[in-house]
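Student: sequence and predicted structure, then a few things I'm wondering about:
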Amino acid sequence: MDQDSRPVKPGTTWLKKCYDKLKGAFYSLTIADLALGLLCVFYAWAFWRSVHPYWFHPEWTTDDALQQIYPFHKVLRPALFKDDIITKMMECYLTPLHYWLCYFITWLSGNPIMMGHWVMLIQVLLTLGFVFMAVKQLVGVAPAFFAVTWMLHTRHIMQRLTAGLPRGWAAPILGAYLYFILKGSHWGVLAIILIGCLLHPPATLVVAASYGLFLLWRVACPKSRRQYLKPLLTYLILSPVFVLIAWSVVRMPPEIGTMASYEKALKMPEFSYPKGRFPFVPLRDPLQEIRVFGFQAFVGRLYNPARFWNRLEKLEVFGLRPLTGRLQGVARYWRHRMSNVVMLILTLILLLGFLRRRQVLPAELVLFLVGALSVYFAARVFAFKLYVPDRHLQFPFAFFFVVGMTIAVWRAFYLGPGPGEKGETCTGLKFAWPAMLALGALGLLIYSGSGAGLYGTANFNYSSTKHGDIFKWIKSHTPENALIAGDPTLIDGVQLFAERRAFVTTETSHPFYDRYYAEIKRRLEIVLRAHYARDFNGFLSLLEPEGIDYFVFAREKFKPGNLEKVGYYTPFDTLVKELASYPRTKYAYAQLPKKVDLRNFPAMPYRDNIAVVVDLRKLREFVEQNGIDERLHGGS
């Protein structure tokens, strides 16, 4: 058979085309592209190294996952949390697209915790991908790699994606919007708004406001009016549909109640600063909030530059002790004034662009920032109807700086032709070296405020063994329909790790909705009184009417000298102080034996250094048969 007449294997042509495209893309890369690409790859590896002990580890998650991940146990066992009001409340936080994506991944993986890790990976990849494409769309590959590195470095944003929670979708939504708006794809923006309504309505509100402002501005300009009038009319026609979809997503069932208004929150100690469960009120000064939450792309609270100078002080080399103290003060002052420095630098960059007659910061990004500020101030007026106000600063400002400032720096210092200018379009070092140096200076500025950005555990702060083996024991030794109560903070992980219903926990004690919180307050008072009950009869009389099967004591609370230190968030702090005001030997807990002895006291099947579990049914039987045996006293 002639060589040229051999049959072509299926897919060969498609693979060859892909190979040719990749080969062409690689050979088109410049030295600047390769240099910043290697930097991005190295930092991505360092980022992975900083979180790999926790990410994709089946025992690690974040504290918020204790609320919003555990309901997915129902994928594998539908009856597990049946008719549980806490689960119903937590499921209300799960937007439709997020819920069904997580449902499918849980079904595939068989583990809700690992599902959270996979969803986090999807959120991270989408975020970085859209950031890369948004910057590349306007200024090329090299600055796009820088922007991706910067986004990975912004720990405050990346750790909001930890465990794949609904809040993590804010990053891909904002990144996708910037890409499509910079690309000029109006249908892409409308698709993102639709998807965002079903994934993360608060971030989508920023997108919708920004896009509306952009269209109004374009229509107001005579030169672009005809081009943008149709997209504006389309957007106005579709807006009621978007509103109805978003409203259907955030609407709560009647048994959950209505959201607390700002006026009501001011009267609720649960929201008061600083001792409340959610210390949101009174709202802080807006300039202070913008300074704290708006510049997290530059300043990281996890970074502590004083450690370096402290090490030098201990060495006492070259008589540096007086100098290091001054340098620490300078570092603190520099970080405190970082917002002023950033705005000054941005102003200078814009001025340089003006002198070069070049638009360095696209109008789309300016109006994105204006849209975010508009939603932020609206959220202050309608708190908490439009989400917590500072959340409308944290994500949008970070994306504005990472995408916008990268583009502005590159355009301002790039020697080649700018957008709309005629001339050579080569991006080699001949034209790019000043822009590369400018990005390097920007990198030093970022480093001065937040260091290497690899500090901490990226909010992987809760493991299945955080409180010993209590969750493993409950999962293995209690019926699937058991109702667990106890110290509300100690049993925070019982729903996720032990896969059992909880009577009430600290993590699920949300005061935002009136009817739900009325029930939670009632339950909290019951378990707190039970935890510090003076005798078993009082202990049982509190818990048995609620159908509770097992109660978990926190041993730490009853150790010598600790009762006078115990507390809880307001308004329960006063109650706890009153309940814990007696000698430690006067509590029902003190009547428990020091060791597990199922033969003589079957009501205490588990005890370790952290927790003690009491079986209420067996305790009732023991009390009725034996009374309170003084030989049991002495628990600690």
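Tutor: Thanks, I have it. Numbers count the residues shown, from 1 in each chain.

Student: so which residues of this protein form strands?
Tutor: 60-61, 462-463, 483-486, 501-502, 550-554, 606-607, 611-615 (DSSP state E).

Student: now do the last one against strand 550-554, angle only.
Tutor: Think strand 611-615. For strand 611-615 against strand 550-554, the angle by axes from the mean of the first three to the mean of the last three C-alpha atoms, to 10 degrees is 160 degrees.

Student: which residue packs closest to Tyr513, ignoring adjacent ones?
Tutor: Gly257 (4.3 Å; C-beta to C-beta, 6 or more residues apart in numbering). The way it works is simple: take the backbone N, C-alpha and C, and place the C-beta from them, glycine included.

Student: can you name the residues that contact the one you found?
Tutor: Shown in contact with Gly257 (C-beta atoms under 8 Å, 6 or more residues apart in numbering): Tyr513, Asp514, Arg515, Tyr516, Tyr517, Ala518.

Student: and the helices in the stretch 151-300 of the chain?
Tutor: 155-158, 170-183, 186-199, 201-220, 225-250, 262-266, 286-293 (DSSP state H, counting those that start in this stretch).

Student: now do the same for the last one: mean pLDDT, whole number.
Tutor: Here the mean pLDDT over helix 286-293 is 92, rounded to a whole number.

Student: mean pLDDT for the helices of the stretch 151-300 of the chain: which is lowest?
Tutor: Taking the mean pLDDT of the helices of the stretch 151-300 of the chain, helix 262-266 comes last: a mean of 89.

Student: contacts for that one next, please.
Tutor: Residues contacting helix 262-266 (C-beta under 8 Å, 6+ apart): Phe271, Phe280, Val281, Pro282, Leu283, Phe382, Ala383, Phe384.

Student: list only buried entries from those residues.
Tutor: Among the contacts of helix 262-266, those classed as buried by 16 or more other C-beta atoms under 10 Å are Phe271, Phe280, Val281, Leu283, Ala383, Phe384.

Student: ok, the first one - contacts?
Tutor: To tie it back to what came earlier, the one meant is Phe271. Contacts of Phe271 by C-beta under 8 Å, 6+ apart are Ala260, Ala265, Arg277, Phe278, Pro279, Phe280, Val281, Pro511.

Student: and what of the last one?
Tutor: By C-beta under 8 Å, 6+ apart, the residues touching Phe384 are Met259, Ala260, Ser261, Tyr262, Ala265, Phe280, Phe512.

Student: again with the third one
Tutor: Contact partners of Val281, counting by C-beta under 8 Å, 6+ apart, are Tyr262, Ala265, Leu266, Phe271, Ser272, Tyr273.

Student: for stretch 215-232, which positions count as buried?
Tutor: Leu215, Trp217, Arg218, Val219, Tyr228, Pro231, Leu232.

Student: give the residue spans of this structure that score low on pLDDT.
Tutor: Counting by pLDDT under 70, the chain has low-confidence residues at 1-12, 14-29, 304-330, 418-428, 627-636.

Student: on that earlier part again, most tightly surrounded among the strands of the chain?
Tutor: strand 60-61 (a mean of 28; mean count of other C-beta atoms under 10 Å).

Student: that older thread, compare the strands of the chain and give me the one nearest Glu364.
Tutor: Ranking the strands of the chain by proximity to Glu364 (C-beta to C-beta) places strand 60-61 first, at 36.7 Å.

Student: ok, and what's touching the closest one?
Tutor: Under C-beta under 8 Å, 6+ apart, the answer for strand 60-61 is Pro53, Tyr54, Ile69, Ile113, Gly116, Thr162, Ala163, Phe460, Tyr462, Ser463, Leu496.

Student: quick one: contacts for Leu528?
Tutor: Pro488, Tyr568, Phe572, Leu575, Val576, Leu579.

Student: rerun at 10 Å
Tutor: Asp487, Pro488, Val504, Leu542, Tyr568, Phe572, Leu575, Val576, Leu579, Ala580 (C-beta atoms under 10 Å, 6 or more residues apart in numbering).

Student: returning to that earlier point: need the contacts of helix 262-266 in JSON lines with distance to Leu373, can you?
Tutor: Formatted as JSON lines, those follow (distance: C-beta to C-beta, whole Å):
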{"residue": "Phe271", "distance to Leu373": "24"}
{"residue": "Phe280", "distance to Leu373": "19"}
{"residue": "Val281", "distance to Leu373": "21"}
{"residue": "Pro282", "distance to Leu373": "20"}
{"residue": "Leu283", "distance to Leu373": "15"}
{"residue": "Phe382", "distance to Leu373": "15"}
{"residue": "Ala383", "distance to Leu373": "16"}
{"residue": "Phe384", "distance to Leu373": "18"}
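
Student: just to revisit the earlier point, what's the closest of the strands of the chain to Tyr414?
Tutor: strand 60-61 (43.4 Å).

Student: please identify the pairing partners of the closest one and their relative orientation?
Tutor: If you go by DSSP bridges, strand 60-61 pairs up with strand 462-463 (antiparallel).

Student: which residues does the residue nearest to the spatial centre of the chain contact?
Tutor: With distances taken as C-alpha atoms, centre = their mean, Arg160 lies nearest the centre of the chain, 2.3 Å away. By C-beta under 10 Å, 6+ apart, Arg160 lies in contact with 62, 64, 123, 154, 167-168, 170-171, 391, 394-395, 398, 458-459.

Student: try Trp150
Tutor: Contacts of Trp150 (C-beta under 10 Å, 6+ apart): 40, 43, 131, 135, 297-298, 398, 401-403, 405-406, 439, 442-443, 446, 453.
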